[in-house]
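>>> Have a look at this prediction, sequence included:
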Amino acid sequence: MRQNDLSDEGNPPKLRLDAIDRRILGALLDDGRMSTLDVAEKVGLSPTPCSRRIRQLEAAGVIEGYAARINPAALGLSLCVMVSVRLARQGPDGHQQFLDAIADRPEITECLLVTGATDYLLRVWVRDIDALRDFITNALQGIPAVAETSTMLVLSQTVKWAVR
């Protein structure tokens, strides 16, 4: 049986995952719309304990929700790039100005605050090189808080999760 670790003040208890939990998460990563009965069959549990474990994983915040995987190519987006952004102003105002400016940009699918020589790493999807040029020169470099950008073309992507 799984046990909860002691929680910090204000934080939910951390759930220790056993092999069955990991198999449940793996099944749901493969197909988040899979029925509880199908998950139970796949991981070797009866439906009731499987359902209970899924609810516990949800309650503990391990499963935050269920989402559709979007195929960018089906939307006409064929170019994925990672853009590193270095801010001109390092204080809270510079960060907020940058975040406010990019908040409604549909090209940005991921924004990570990072350490090192740059401040942010953005995952950006565009239809072609002209759209990328327009995005970088007008959308990003037009933000007063941005000092420098560097773009890396994504050639392929492999997703690995620690739950397997």
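That came through, no problem.
>>> Going by C-alpha atoms from here, please, whenever you check contacts or count neighbours.
Fine.
>>> so the most centrally placed residue in the chain, which of the three states?
Closest to where the C-alpha atoms of the chain average out (CA atoms, centre = their mean) is Glu110, at 6.7 Å. Following DSSP: H, G, I helix; E, B strand; the rest coil, the label given to Glu110 is strand.
>>> Show me what it is bridged to.
Taking DSSP bridges as the rule, Glu110 bridges to Arg123.
>>> List the contacts of it.
Leu122, Arg123, Val124 (CA atoms under 8 Å, 6 or more residues apart in numbering).
>>> Could you rank those residues by neighbour count and give me the top one?
Of all the contacts of Glu110, the highest neighbour tally under other CA atoms under 10 Å goes to Val124, namely 23 neighbours.
>>> what separates that residue from Asp104, distance-wise?
Applying CA to CA, to the nearest Å, the value for Val124 to Asp104 is 13 Å.
>>> Likewise for Gln157?
From Gln157 over to Asp104 (counting by CA to CA), the distance is 25 Å.
>>> Which residue, neighbours along the chain excluded, lies closest to the residue sitting furthest away from the middle of the chain?
Residue farthest from the centre of the chain, counting by CA atoms, centre = their mean, is Ser46 at 31.3 Å. Leaving aside its sequence neighbours, Ser46 sits nearest to Ala40 (CA to CA, 6 or more residues apart in numbering; 5.7 Å).
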